[in-house]
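A.B. asks: Structure for this input, please:
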Amino acid sequence: MGRINKFAGFVFAFLSIAVGLYPILYFFTTENFGLLYPKADHLSANFFWSIAFYGHLIFHGLALLVGWSLFPKKMRDEHPKILHNLRKIYVGSALVGGISNIGIGLLLNLGWSTSIGFVLLGLVWLYTTKSAYTAFGKKDLNLYNGMIIYSIAACFAAVTLRLWLPILQLVFGDFLMAYKIVAWLCWVPNLIFAHLWVRRKGIVLG
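C.D. replies: Residues are numbered from 1 along each chain as shown. Below you'll find the predicted structure:
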């Protein structure tokens with residue numbers, strides 16, 4: 001069981017870092033690619049869309065880069081000051097990233113279900129992150145431990161979206177249908193997994 005947990009932790013960290021660094025590619029090319037490629041030209045030229053999109057890229061990426069490091073026991077035991085700084089970076093990045101997610105959802109023109117999916121993701125990420133931060137400030141570590149798991153699960157949607165989207169496109173042969181589904185599939189199962197994890201750890205919220 002210990003080896004399985006270590007392997008799962010390694011995969012979680014690897015995917016978080018890989019997708020966290022992925023946004024750098026957008027700043028070294030003049031061509032639309034990745035998630036920008038299928039967007040309509042008028043949306044790509046929209047000032048508010050650009051703010052939301054690149055805010056999402058930068059801060060969601062940063063949240064992924066540091067978020068995984070909040071869990072290893074070695075970090076908590078041996079580097080508490082570093083962990084404290086990483087926690088602050090994560091919270092700040094998650095708050096901006098969550099707001100950006102909401103902006104993207106509101107500005108998307110890929111159907112109301114897609115927009116609602118991303119707006120709800122942003123709201124869930126904001127709520128769980130703020131709750132975790134508030135609980136930590138009040139030294140309610142039980143509530144903090146639970147809410148930070150939910151927050152990271154919402155943050156990890158950036159990873160699961162990129163895993164699910166090509167599979168859905170292959171299955172349906174249509175980007176729009178795939179994107180409508182992935183707008184929910186990228187985060188709802190994550191929260192279900194987080195709920196099961198919280199219950200397994202015996203954390204009681206509320």
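A.B. asks: Listing request: residues of the protein with sub-threshold pLDDT.
C.D. replies: 1-4, 23, 25-45, 204, 206 (pLDDT under 70).
A.B. asks: Identify each buried residue in the top helix by length along the chain, please.
C.D. replies: Criterion DSSP state H: the longest helix present in the chain is helix 80-107. Buried residues in helix 80-107, counted by 16 or more other C-beta atoms under 10 Å: 83, 86-87, 89-91, 93-105, 107. Heads up, the C-betas are built off the backbone N, CA and C, glycines and all.
A.B. asks: starting at the chain centroid, how far to the helix or strand where Phe10 lies?
C.D. replies: Assessed by DSSP states H and E, Phe10 sits inside helix 2-21. Centroid separation for helix 2-21 versus its chain: 15 Å, with C-alpha atoms, centre = their mean, to the nearest Å.
A.B. asks: same check, this time on stretch 172-191
C.D. replies: 14 Å.
A.B. asks: Then stretch 181-199?
C.D. replies: That offset, for stretch 181-199, works out to 11 Å (C-alpha atoms, centre = their mean).
A.B. asks: how about it: buried residues?
C.D. replies: Ile181, Val182, Ala183, Trp184, Leu185, Cys186, Trp187, Val188, Asn190, Leu191, Ala194, Val198.
A.B. asks: Turn these into JSON lines, including secondary structure.
C.D. replies: Shown next, in JSON lines, are those (DSSP: H, G, I helix; E, B strand; the rest coil):
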{"residue": "Ile181", "secondary structure": "helix"}
{"residue": "Val182", "secondary structure": "helix"}
{"residue": "Ala183", "secondary structure": "helix"}
{"residue": "Trp184", "secondary structure": "helix"}
{"residue": "Leu185", "secondary structure": "helix"}
{"residue": "Cys186", "secondary structure": "coil"}
{"residue": "Trp187", "secondary structure": "coil"}
{"residue": "Val188", "secondary structure": "helix"}
{"residue": "Asn190", "secondary structure": "helix"}
{"residue": "Leu191", "secondary structure": "helix"}
{"residue": "Ala194", "secondary structure": "helix"}
{"residue": "Val198", "secondary structure": "helix"}
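A.B. asks: how near is the closest residue in space to Ala94 that isn't next to it in sequence to Phe48?
C.D. replies: Of all residues not flanking Ala94 in the chain, Thr129 sits nearest, at 4.3 Å (C-beta to C-beta, 6 or more residues apart in numbering). As judged by C-beta to C-beta, to the nearest Å, Thr129 and Phe48 stand 23 Å apart.
A.B. asks: What is the helix or strand harbouring Lys180 packed up against?
C.D. replies: According to DSSP H and E, Lys180 maps onto helix 175-185. The contact analysis (3 or more C-beta pairs under 8 Å, 6 or more residues apart in numbering; DSSP states H and E) places helix 175-185 against helix 112-137, helix 157-172.
A.B. asks: quick one: the residue nearest to the spatial centre of the chain and Lys139, what's the gap?
C.D. replies: Computing the C-alpha centroid of the chain and ranking residues by C-alpha atoms, centre = their mean puts Cys155 first, at 1.9 Å. From Cys155 across to Lys139, the span is 24 Å (C-beta to C-beta).
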